[in-house]
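Undergrad: Quick one, fold the following:
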Amino acid sequence: GVSDSDAFWKTMEEEMRREEKERVVLYCVAKKENISLTEEEFNQKVEELATSYDMTVEDFLAQQDRTYVEQSILMERGLDLLLQNVVTVE
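TA: Down below sits the predicted model:
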């Protein structure tokens with residue numbers, strides 16, 4: 001949907017900035033609400049993710065940074081919390 005390389009990279013940069021802001025907000029929600037992650041929960045989620053990518057757990061963890069995966073899980077839980085507490089205003 002872009003006409004040249006400069007427009008493409010500008011669009012990509014804007015999208016990456018937006019996504020990073022979302023990650024920070026969701027991670028902060030999880031931390032503020034004391035959402036935590038046990039080792040068992042981490043391992044279960046990693047198994048699910050590895051299966052979804054048709055990989056072994058070992059291969060998945062070899063390719064992913066553990067801290068990034070943990071933060072992603074916490075962000076997902078932060079989003080779940082927000083969605084459970086949505087109030088519709090007319």
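Undergrad: what stretches of this structure score poorly on pLDDT?
TA: Low-confidence segments of the chain, defined by pLDDT under 70: 1-2.
Undergrad: Give the buried residues for the lengthiest helix in it.
TA: In the chain, taking DSSP state H as the definition, the longest helix is helix 5-32. The neighbour-count check on helix 5-32 (16 or more other C-beta atoms under 10 Å) flags 26-27, 29-30 as buried. Just so you know, the C-beta spots here come from the backbone N, C-alpha and C atoms, and that holds for glycine as well.
Undergrad: can you redo those as CSV with distance to T11?
TA: Shown next, in CSV, are the buried residues of helix 5-32 (distance: C-beta to C-beta, whole Å):
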residue, distance to T11
L26, 23
Y27, 25
V29, 27
A30, 29
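Undergrad: And the longest helix of the chain, how far out from the chain middle?
TA: How far helix 5-32 lies from its chain's middle: 11 Å, per C-alpha atoms, centre = their mean, to the nearest Å.
Undergrad: If you count neighbours, what's buried in whichever helix or strand comes after it?
TA: Downstream of helix 5-32, the first helix or strand assigned by DSSP states H and E is helix 39-52. For helix 39-52, the neighbour count (16+ other C-beta under 10 Å) marks 45-46, 49-50 as buried.
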